[in-house]
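In: Build me a model:
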Amino acid sequence: MYLNKDKLFQLMNKECEGNYNAFAREIGVNVAHLHRFINTAESEAGPKLLSAVAKYCEKSGLDYKDFIFLDKPLTACNGDLDKPKEVV
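Out: Modelled structure (predicted):
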């Protein structure tokens, strides 16, 4: 699974006028986590951010499938940042 950064950024701009703090509060994640995900090319969303976006979409009447895609595996880094492992 992966989260489309561009679409999430567009949603943040639409719903919170581009305010990272306000949008992070809306979806229930730490603002630093949100900022790092959107602005770091190699970052990938983990279960916490994916879940927060899905819950926000449900609460707001949006389709989470517009933001979350299943064609990439979910990865987890537990200690070794150079070797993410696929979560099955």
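In: switch to C-alpha atoms for all contacts and neighbour counts from now on
Out: Will do.
In: Show me the strands in the chain, by range?
Out: Here the chain has its strands, by DSSP state E, at 2-3, 68-69, 75-76, 85-86.
In: lowest-confidence stretch among those?
Out: Comparing mean pLDDT over the strands of the chain, the weakest stretch is strand 85-86, at a mean of 52.
In: can I get the CA coordinates of stretch 42-57 in CSV?
Out: Provided in CSV are the C-alpha atoms of stretch 42-57 (Å, rounded to 0.1, in the frame of the first residue of the first chain):
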residue,chain,number,x,y,z
GLU,A,42,12.0,8.7,-0.3
SER,A,43,9.6,8.6,2.7
GLU,A,44,6.7,6.2,2.6
ALA,A,45,3.6,6.1,4.7
GLY,A,46,3.4,3.6,7.5
PRO,A,47,0.4,2.0,9.1
LYS,A,48,-0.3,5.0,11.4
LEU,A,49,-0.5,7.6,8.6
LEU,A,50,-2.4,5.2,6.3
SER,A,51,-4.9,4.5,9.1
ALA,A,52,-5.2,8.2,9.9
VAL,A,53,-5.9,9.2,6.3
ALA,A,54,-8.5,6.3,5.9
LYS,A,55,-10.3,7.4,9.1
TYR,A,56,-10.3,11.0,8.0
CYS,A,57,-11.7,10.1,4.6
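In: Contacts for it next, please.
Out: 2-3, 26-29, 34, 36-37, 63-64, 68, 74-76 (Cα atoms under 8 Å, 6 or more residues apart in numbering).
In: what comes up buried for it?
Out: 44-46, 49-57 (16 or more other Cα atoms under 10 Å).
In: Would you mind writing the CA trace of stretch 3-10 as CSV?
Out: C-alpha atoms of stretch 3-10 as CSV (Å, rounded to 0.1, in the frame of the first residue of the first chain):
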residue,chain,number,x,y,z
LEU,A,3,-0.2,7.0,0.1
ASN,A,4,-0.3,9.5,-2.8
LYS,A,5,1.7,12.5,-1.5
ASP,A,6,0.4,14.8,-4.2
LYS,A,7,-3.2,14.1,-3.5
LEU,A,8,-2.7,14.3,0.2
PHE,A,9,-1.0,17.7,-0.3
GLN,A,10,-3.9,18.9,-2.5
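In: That's all I had, so thanks and see you.
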